[in-house]
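**Student:** Whatever this is, show me its structure:
(3 chains)
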Amino acid sequence: MTLLGSLVIVAGLFFYLAGTVGMLRFPDVYSRLHAVTKADNIGLGLLCLGCALILRSWTLAALLAVIWLLAVTAATVGCHLIARNRLRQDQGVE
Amino acid sequence: MNLFDALTALLLVLLAWRCLIVPDLFRSIVLFVVFGLLLALTWARLDAPDLALAEAAIGAGVLGVLLLGTWRALGSPRRGETPSSSLPAGLRVLSAAGSAVLAGALAYGLHLLPGTGDGAGTLALETLPLPATGQPVTAVLLDFRSYDTLLETAVLLMAVVGTWLARSPLLDALSSEDATAHTPVMPVLMRLFAPVLLVTGAYLVWAGAYTPGGAFQGGAVLAAAGVLLALGRRLGTAPDAGWLLRLLLVLGVLVFIGAGLLLMPAQNAFMAYPERWAGLIMHLVEYTLAVSIALSLLLLFTGRPGLRGISG
Amino acid sequence: MMGLDVYAIAAAVLVGLGFHGLITQPHPLKRLLAVNVVGNGVFLALIVLARRLPDGPDPIPHAMVLTGIVIAVSATAFGLALVRRQARDAEERDD
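**Tutor:** Got it, this is the predicted structure:
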């Protein structure tokens, strides 16, 4: 279980790495947001799953699931608002 | 000491340095919020989960909203690039050298302190009615150092009054053209998050007696629910505070002082509680303080005395 | 002797950095941030000291830092209100 959990966590870290590289390398706000939110949501999910596997407790697993759900919702709304704000700025300028 | 601690400490310093040095004000604020979150991680790492909660909720959360809101409320010429420095180069070098000496002296002083020893904490842990509360930090806040806590809530109230007197409400300054207006996502977020925040805040206050948490952490989370509703335009400002709002605002301090004064004849000292009642009084003070703190933090954000609900 | 603790060094450096920022930065908002950085450095030093007790961390510095965090936020919020007022007054003078 511990080994499996560790592997899942490492996989999650890889997604985080990809998201961060994307944020640093992509040219504009929209593609950066795309990289960060998508990759980090999966990364956080895998991280929570890995922790739950290592801890081997249903209560903690449920708590981690709630944390993941809330974080994903907040990230989605934040991403939407940032993109919307940027879009308005672009339209205002052009 | 291990690699993780060294990296965290290094990142803390780097973030603070970048935050103070970047010319763009917006970046500076965002870096400061990230600095606060990393500090919360540091508290957790240094066996201070109470502080981690407080820092994440108050230091990074509430303060972050206040900073970003103020940035937005500043006129466009004032919010962009800040001038690097108006001081002549010689004075800048002098300031850097002086600050470096200060930092060095502090590090040396901390280094010289004895590594282990008796602190005031040993005394506190011996005398506190721990069975009544079970959580040392909450017990210290409400019993051993109750003057601190009482005066701290009074400072919070003074800050609220000062903000009213400055007559520069933040919420009204956030114009209606910002991105939160007229989007289908905000109502959904509010319907989902506001109840969750309320429950979490109430839980943190209740749990403060047994596990990390307490009036300040819980109050900050409750205030966050209010800020969310205000940003989603379900909670507006009013020019005058009603009597209920005023009462709730000072309730924590009133109950705190009242409990101290009422028991004074029996105990011969202000805010000395008899052993049998200590737990009950601490709970009562904790709950009322949480309400007052939550309202104060919310009013610091809206910046005007009154609140009114807006039906959507 | 405490030995070399990375967090103690970081606390000292934060105080120095914030102090330098407070002196050299002209923008009032930046100065508020600098004061907060100094405060956080002091908090960090206190919490490092709280670990000196042999059995568990000392709750008194923890309680004091908790008080300190709330006071720092109150003072900063009031400072921000003053910054907004100053900016508004400056705008009205310009018009």
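
**Student:** tell me which residues of the strand or helix carrying C:Val70 are tucked away?
**Tutor:** Secondary structure assignment for C:Val70, by DSSP states H and E: helix C:59-94. Neighbour-count burial for helix C:59-94, counted by 16 or more other CB atoms under 10 Å in any protein chain shown, picks out C:59-84, C:87-88. Heads up, the C-betas are built off the backbone N, CA and C, glycines and all.

**Student:** swap in stretch B:141-152?
**Tutor:** Buried-residue list, stretch B:141-152, by 16+ other CB under 10 Å: B:Leu141, B:Leu142, B:Asp143, B:Phe144, B:Arg145, B:Ser146, B:Asp148, B:Thr149, B:Leu150, B:Glu152.

**Student:** and these near chain C, which?
**Tutor:** Checking these against chain C by CB under 8 Å from any CB of the partner chain, the ones in range are B:Leu141, B:Phe144, B:Arg145, B:Asp148, B:Thr149, B:Glu152.

**Student:** what two of these have the greatest distance between them?
**Tutor:** Longest distance between any two of these is 14.2 Å, between B:Phe144 and B:Glu152; criterion CB to CB.

**Student:** any chance you could read off phi and psi for the nearest residue to A:Phe26 once chain neighbours are set aside?
**Tutor:** Closest residue to A:Phe26 apart from its sequence neighbours, by CB to CB, 6 or more residues apart in numbering or on different chains: A:Arg32 at 4.7 Å. Taking degrees, to the nearest 10, you get phi -70, psi -50 for the backbone angles of A:Arg32.

**Student:** In three-state terms, how would the closest residue to chain C within chain A be classified?
**Tutor:** Residue of chain A nearest chain C, by CB to the nearest CB: A:Asn85 (20.8 Å). In three-state terms, and counting by DSSP: H, G, I helix; E, B strand; the rest coil, A:Asn85 is helix.

**Student:** and whichever helix or strand C:Ile47 is part of with chain B, contact?
**Tutor:** Assigned by DSSP H and E, C:Ile47 belongs to helix C:28-50. Yes. For helix C:28-50 and chain B, the contact criterion (CB under 8 Å from any CB) is met by C:29-30, C:33-34, C:36-37, C:40, C:43-45, C:47-50.

**Student:** Now render those as JSON lines, adding pLDDT and neighbour count.
**Tutor:** Listed next are these as JSON lines, based on pLDDT from 0 to 100; neighbours: other CB atoms under 10 Å in any protein chain shown:
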{"residue": "C:Leu29", "pLDDT": "90", "neighbour count": "24"}
{"residue": "C:Lys30", "pLDDT": "90", "neighbour count": "23"}
{"residue": "C:Leu33", "pLDDT": "94", "neighbour count": "26"}
{"residue": "C:Ala34", "pLDDT": "95", "neighbour count": "22"}
{"residue": "C:Asn36", "pLDDT": "95", "neighbour count": "24"}
{"residue": "C:Val37", "pLDDT": "95", "neighbour count": "27"}
{"residue": "C:Asn40", "pLDDT": "95", "neighbour count": "28"}
{"residue": "C:Phe43", "pLDDT": "94", "neighbour count": "26"}
{"residue": "C:Leu44", "pLDDT": "93", "neighbour count": "25"}
{"residue": "C:Ala45", "pLDDT": "91", "neighbour count": "24"}
{"residue": "C:Ile47", "pLDDT": "90", "neighbour count": "24"}
{"residue": "C:Val48", "pLDDT": "88", "neighbour count": "21"}
{"residue": "C:Leu49", "pLDDT": "84", "neighbour count": "19"}
{"residue": "C:Ala50", "pLDDT": "83", "neighbour count": "24"}
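
**Student:** show me what contacts the residue nearest to B:Ala159 when sequence neighbours are not counted?
**Tutor:** Nearest non-adjacent residue to B:Ala159, counting by CB to CB, 6+ apart: C:Ser74, 3.7 Å away. Each residue near C:Ser74 by CB atoms under 8 Å, 6 or more residues apart in numbering or on different chains is listed here: B:Val155, B:Leu156, B:Met158, B:Ala159, B:Leu300.

**Student:** And the buried ones among those residues, selectable in ChimeraX?
**Tutor:** This is how ChimeraX selects the buried members of those, with burial counted by 16+ other CB under 10 Å:
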select /B:155,156,159,300
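
**Student:** which one is B:Leu157 nearest to, not counting chain neighbours?
**Tutor:** Closest residue to B:Leu157 apart from its sequence neighbours, by CB to CB, 6+ apart: B:Ser296 at 6.3 Å.

**Student:** coming back round to it: out of the buried residues of stretch B:141-152, which is nearest to chain A?
**Tutor:** Looking across the buried residues of stretch B:141-152 and measuring by CB to the nearest CB, the closest to chain A is B:Leu141, at 26.5 Å.

**Student:** low-confidence ranges in chain C?
**Tutor:** C:1-4, C:54-56 (pLDDT under 70).

**Student:** residue ranges with poor pLDDT in chain A?
**Tutor:** Filtered on pLDDT under 70, chain A yields the residue ranges A:93-94.

**Student:** And the helices in it?
**Tutor:** A:2-25, A:29-55, A:58-93 (DSSP state H).

**Student:** between the ones you listed, which gets nearest to B:Phe32?
**Tutor:** It's helix A:58-93; of the helices of chain A, that one is closest to B:Phe32 (CB to CB) at 17.9 Å.

**Student:** Which strands or helices does that closest one pack on?
**Tutor:** Using 3 or more CB pairs under 8 Å, 6 or more residues apart in numbering or on different chains; DSSP states H and E as the contact test, the elements touching helix A:58-93 are helix A:29-55, helix B:185-207.

**Student:** Serialize those to a markdown table and add fields for mean neighbour count.
**Tutor:** Formatted as a markdown table, the helices and strands packed on helix A:58-93 follow (neighbours: other CB atoms under 10 Å in any protein chain shown):
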| stretch | mean neighbour count |
| --- | --- |
| helix A:29-55 | 19 |
| helix B:185-207 | 17 |
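
**Student:** Mind putting these into CSV with distance to B:Pro49?
**Tutor:** Below are the helices and strands packed on helix A:58-93 laid out as CSV (distance: least, CB to CB, whole Å):
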stretch, distance to B:Pro49
helix A:29-55, 17
helix B:185-207, 11
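
**Student:** residues near B:Leu14, how many?
**Tutor:** 13 (other CB atoms under 10 Å in any protein chain shown).

**Student:** for the helix or strand hosting it, which positions count as buried?
**Tutor:** Under the criterion of DSSP H and E, B:Leu14 resides in helix B:3-21. Buried positions in helix B:3-21, judged by neighbour count with 16+ other CB under 10 Å: B:Asp5, B:Thr8, B:Ala9, B:Leu11, B:Leu12, B:Val13, B:Leu15, B:Ala16, B:Trp17, B:Cys19, B:Leu20, B:Ile21.

**Student:** got a markdown table for these, with distance to chain A and pLDDT too?
**Tutor:** Output for the buried residues of helix B:3-21, formatted as a markdown table (distance: CB to the nearest CB, whole Å; pLDDT from 0 to 100):
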| residue | distance to chain A | pLDDT |
| --- | --- | --- |
| B:Asp5 | 19 | 89 |
| B:Thr8 | 17 | 92 |
| B:Ala9 | 21 | 93 |
| B:Leu11 | 14 | 94 |
| B:Leu12 | 19 | 94 |
| B:Val13 | 21 | 94 |
| B:Leu15 | 16 | 94 |
| B:Ala16 | 21 | 94 |
| B:Trp17 | 20 | 93 |
| B:Cys19 | 19 | 92 |
| B:Leu20 | 23 | 90 |
| B:Ile21 | 20 | 88 |
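
**Student:** Please save the CA atoms from stretch B:250-267 in CSV.
**Tutor:** Presented in CSV, the C-alpha positions along stretch B:250-267 are these (Å, rounded to 0.1, in the frame of the first residue of the first chain):
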residue,chain,number,x,y,z
VAL,B,250,-18.8,44.7,21.0
LEU,B,251,-20.4,41.6,22.5
GLY,B,252,-17.1,39.7,22.8
VAL,B,253,-15.3,42.4,24.6
LEU,B,254,-18.4,43.1,26.8
VAL,B,255,-18.7,39.4,27.9
PHE,B,256,-15.0,39.2,28.4
ILE,B,257,-14.9,42.2,30.7
GLY,B,258,-18.2,41.3,32.4
ALA,B,259,-16.9,37.8,33.3
GLY,B,260,-13.8,39.4,34.7
LEU,B,261,-15.6,42.0,36.7
LEU,B,262,-18.5,39.8,38.0
LEU,B,263,-16.1,37.3,39.6
MET,B,264,-13.8,39.9,40.9
PRO,B,265,-15.3,40.1,44.5
ALA,B,266,-15.0,36.3,44.8
GLN,B,267,-11.4,36.0,43.5
